[in-house]
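[1] sequence? don't have it. structure:
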């Protein structure tokens, strides 16, 4: 019996869509199924978050052809200022420091609204002849064999494919069904995400305040062209707060919420005014015990969830996409079965080290900074100051945050697949 | 000994038949072939892309062309060739291997014409192909000259041939037999008989006598640092030959 496609991707989130575009764009017959109506996922109400796109992720999005549609709505991050509560010591990353080290002074990254990313990815996906989008449609079950996989769909149909990719989020039903266990840690913190307007322009500067309850990040967004001049400057807020306090903050009247927010934001950009809904996301750290099972690979949050402190959650998923797309396309160009166990083994080896390292680093940062004990504060302030004074170390940390270090897939190096 | 004119060697066929069930187990008796496969496929694909002027990024670059895989075993090369767009006929003298290959291709949704046959029987039917492959075969046949004759007849004018075998050098004896069969245990003992190994000059000459011009010779070398096989200039153990019929 002939295959319905070679690759089935369960989940049309940012990572699932990016993988589908990379593979189908290279000519691989691909099906992507999502349990929701994908057309509805670009509405502002679906996902209010913004994402930090590291420079390495931008290269991947460029490599699969979607960056030109995103670029007009992506705000470049030219500087990152990291400050510890009210301490005068802080760490300052400036993209011009890269030039001093003989590197291209490219932006450190970009801030983009998730719905902009979704819209660009969906538009691109809809135009690819080798990609079939099934939505709303659930992948109920996978029967994996040595000769291929059969996916049972929620509507009773079944699909024969070579490889299934679970891009179905941190609760990944396909991961559960494959019997892959996870190691999980819930933080007693909740992330509040909202947008604020401020009087003065941000100048492409991202600010991370380390407050006792957790990091408070101010991320520069593109101007809001729908507003009158002078009212266009805006930033996205990722505000980590003790879980117990969050319901009160969310329920507050606008004036009280503005006061709470302004107390943390500071007045360096003039008066601030929250606009739009307040979103909350519980913070958790999760690692899947394995990233693959027979005929199944886990992608993005199905494999790992990290603390958002360093803004790397999406970027680590995009690196999964770049690595898996490269392994799949290279194997298929040789005529090999893309569900081959040797390929899945290489994917797991390649990606796990990176994901575990980031999980450890971000968890460590969160523990270090969500702490008011004086000696700890002193040490971390000295640490930030020390990093600031050693340009090569700073450049190394900057390039790590930009996703420009390590064994990078071709797409993440700006090369073609 | 088989009568002259037949390439099939009953002892060799039985030896492979006994291991047929393991053809598609990447951790089984044929694990070395699975590991060798990507580098062999890369050599075959690259050579044929150049020969036929096809698009190197395409998923089915060889659509519209026919190929015969002589001594196909379980179909480890025939299946990739079908995925790359060739209309594949694959033959082996061992019925057990063909049974395994046919079942595997059917389960995987690939249309491949598998037959229990020798190259000369197929040639005698008048069959012609754009490409003929004979990988790890010439060192196993009873009558090498008859095989070269059949290959010459099977490749259509303008077509190409790719072969792979083991050189008859002390190094090949040490690595290909003592190393692979006795020390590392990669291959079942008795897989190879060193006296049947073929020097590159003999291979090239055998092809030339039958109208095929060798265009490229390359070695396949195991690089322990990579844990992988790589294409090299070293022809002293495993090597591949690419040829064309004008």
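    Sure, I can see it. Quick caveat, the model's predicted, so the values are computed rather than measured.
[2] let me see the backbone angles for the residue at minimal distance from the centre of chain B.
    Residue closest to the average C-alpha location in chain B (C-alpha atoms, centre = their mean): residue B:135, at 1.3 Å. The phi and psi values for residue B:135, taken as degrees, to the nearest 10, are phi -100, psi 130.
[3] report the beta-bridge partners for it.
    residue B:164 (DSSP bridges).
[4] now do the contacts for it.
    Residue B:135 makes contact with B:40, B:69, B:71, B:77, B:162-164 under the criterion C-beta atoms under 8 Å, 6 or more residues apart in numbering or on different chains. The way it works is simple: take the backbone N, C-alpha and C, and place the C-beta from them, glycine included.
[5] one more: residue B:128?
    B:154-156, B:159.
[6] can you flag which of those residues belong to helices?
    residue B:154 (DSSP state H).
[7] distance check, the residue nearest to the centre of chain B against residue B:162.
    Counting by C-beta to C-beta, to the nearest Å, the gap from residue B:135 to residue B:162 is 7 Å.
[8] and the strands in chain B?
    Counting by DSSP state E, chain B has strands at residues B:66-70, B:87-92, B:113-116, B:129-135, B:155-166, B:213-223, B:228-232, B:238-244.
[9] now do the second one against strand B:66-70, angle only.
    On the basis of axes from the mean of the first three to the mean of the last three C-alpha atoms, to 10 degrees, strand B:87-92 is oriented at 10 degrees to strand B:66-70.
[10] counting contacts, what elements does strand B:87-92 pack onto?
    strand B:66-70, helix B:78-83, helix B:95-107, strand B:113-116, helix B:119-124 (3 or more C-beta pairs under 8 Å, 6 or more residues apart in numbering or on different chains; DSSP states H and E).
[11] so where's the stretch 1-150 of chain A uncertain?
    The model of the stretch 1-150 of chain A has pLDDT under 70 over residues A:1, A:44-46, A:48, A:84-91.
[12] buried stuff in stretch A:152-168?
    A:153, A:159-168 (16 or more other C-beta atoms under 10 Å in any protein chain shown).
[13] how far does that stretch sit from the chain's center?
    25 Å (C-alpha atoms, centre = their mean, to the nearest Å).
[14] how far does the longest helix along chain B sit from its chain's centre?
    In chain B, taking DSSP H as the definition, the longest helix is helix B:31-52. Once both centres are worked out by C-alpha atoms, centre = their mean, helix B:31-52 turns out to sit 10 Å from its chain's centre.
[15] swap in stretch A:179-192?
    On C-alpha atoms, centre = their mean, the centre of stretch A:179-192 falls 16 Å from the chain's centre.
[16] tell me the one of the contacts of residue B:128 nearest chain A?
    Among those, residue B:159 lies closest to chain A (C-beta to the nearest C-beta), at 18.9 Å.
[17] how much space separates the closest residue in space to residue A:402 that isn't next to it in sequence from residue A:314?
    In space, residue A:402 comes closest to residue A:55 once its chain neighbours are excluded; the distance is 4.2 Å by C-beta to C-beta, 6 or more residues apart in numbering or on different chains. Going from residue A:55 to residue A:314 by C-beta to C-beta gives 13 Å.
[18] run a quick neighbour tally on residue B:22.
    Counted with other C-beta atoms under 10 Å in any protein chain shown, the neighbours of residue B:22 add up to 16.
[19] got the contact list for it?
    If you count contacts by C-beta under 8 Å, 6+ apart, then residue B:22 has B:28-30 around it.
[20] per-residue pLDDT, it?
    pLDDT for residue B:22: 79.
[21] which one is it nearest to, not counting chain neighbours?
    residue B:28 (3.7 Å).
[22] the one you found and chain A, how far apart?
    11 Å (C-beta to the nearest C-beta, to the nearest Å).
[23] kindly report the same for residue B:61.
    From residue B:61 to chain A the distance is 9 Å (C-beta to the nearest C-beta).
[24] what is the neighbour count of that residue?
    Residue B:61 has 21 nearby residues by other C-beta under 10 Å.
[25] so it is in contact with residue B:51, correct?
    No. The pair residue B:61 / residue B:51 is not scored as a contact, 11.3 Å apart, by C-beta atoms under 8 Å.
[26] strand B:155-166 and the longest helix of chain B, what's the angle between them?
    Using the same axes, to 10 degrees, helix B:31-52 lies at 150 degrees relative to strand B:155-166.
[27] which bits of chain B sit near chain A?
    By C-beta under 8 Å from any C-beta of the partner chain, the residues of chain B that approach chain A are B:24, B:26, B:34, B:37-38, B:41-42, B:45, B:56-60, B:79-84, B:104, B:106-109, B:111.
[28] go again with 7 Å.
    Counting by C-beta under 7 Å from any C-beta of the partner chain, the residues of chain B close to chain A are B:24, B:26, B:38, B:41-42, B:45, B:58-59, B:80-81, B:83-84, B:104, B:107-109.
[29] now, among these, which is nearest to chain A?
    Scanning those for proximity to chain A, where the rule is C-beta to the nearest C-beta, the winner is residue B:80, at 2.7 Å.
[30] counting neighbours, what do you get for the residue in the stretch 251-400 of chain A positioned nearest to chain B?
    As assessed by C-beta to the nearest C-beta, chain B sits closest to residue A:335 within the stretch 251-400 of chain A, at 2.7 Å. By the criterion of other C-beta under 10 Å, residue A:335 has 25 neighbours.
[31] how far away is it from residue B:81?
    Counting by C-beta to C-beta - residue A:335 and residue B:81 are separated by 6 Å.
[32] go on, residue B:96?
    Taking C-beta to C-beta, one finds residue B:96 at 21 Å from residue B:81.
[33] rewinding a little: ranking the contacts of residue B:135 by neighbours, who comes first?
    Ranking those using other C-beta under 10 Å puts residue B:69 first, with 30 neighbours.
[34] so that residue touches residue B:77, yeah?
    Yes. Under the criterion of C-beta atoms under 7 Å, residue B:69 makes contact with residue B:77 at 5.7 Å.
[35] overlap in contacts, these two.
    residue B:133 (C-beta atoms under 7 Å, 6 or more residues apart in numbering or on different chains).
[36] once you drop chain neighbours, what's closest to residue B:215?
    Here the residue nearest residue B:215, using C-beta to C-beta, 6+ apart, is residue B:242, at 5.2 Å.
[37] just the pLDDT for that neighbour.
    At residue B:242, pLDDT is 97.
[38] which ones are touching it?
    Applying C-beta under 7 Å, 6+ apart, the residues contacting residue B:242 are B:47, B:160, B:162, B:215-216.
[39] got it, and residue A:416?
    So residue A:416 contacts residue A:63 (C-beta under 7 Å, 6+ apart).
[40] again with residue A:144
    With C-beta under 7 Å, 6+ apart, residue A:144 has these contacts: A:294-296.
[41] neighbours of the closest residue to chain B within the stretch 51-200 of chain A, how many?
    Going by C-beta to the nearest C-beta, chain B is nearest to residue A:147 of the stretch 51-200 of chain A, at 3.6 Å. Residue A:147 has 19 neighbouring residues, counting by other C-beta under 10 Å.
[42] what do you get for residue A:263?
    Neighbours around residue A:263, by other C-beta under 10 Å: 9.
[43] what of residue A:343?
    22.
[44] wait, it sits on residue A:329?
    No. Using C-beta under 7 Å as the test, residue A:343 is too far from residue A:329 to be in contact (10.9 Å).
[45] doesn't residue A:151 belong to a strand?
    Yes. Judged by DSSP: H, G, I helix; E, B strand; the rest coil, residue A:151 forms part of a strand.
[46] contact partners for it?
    Taking C-beta under 7 Å, 6+ apart as the test, what residue A:151 contacts is A:8, A:139, A:142, A:158-159, A:161, A:164.
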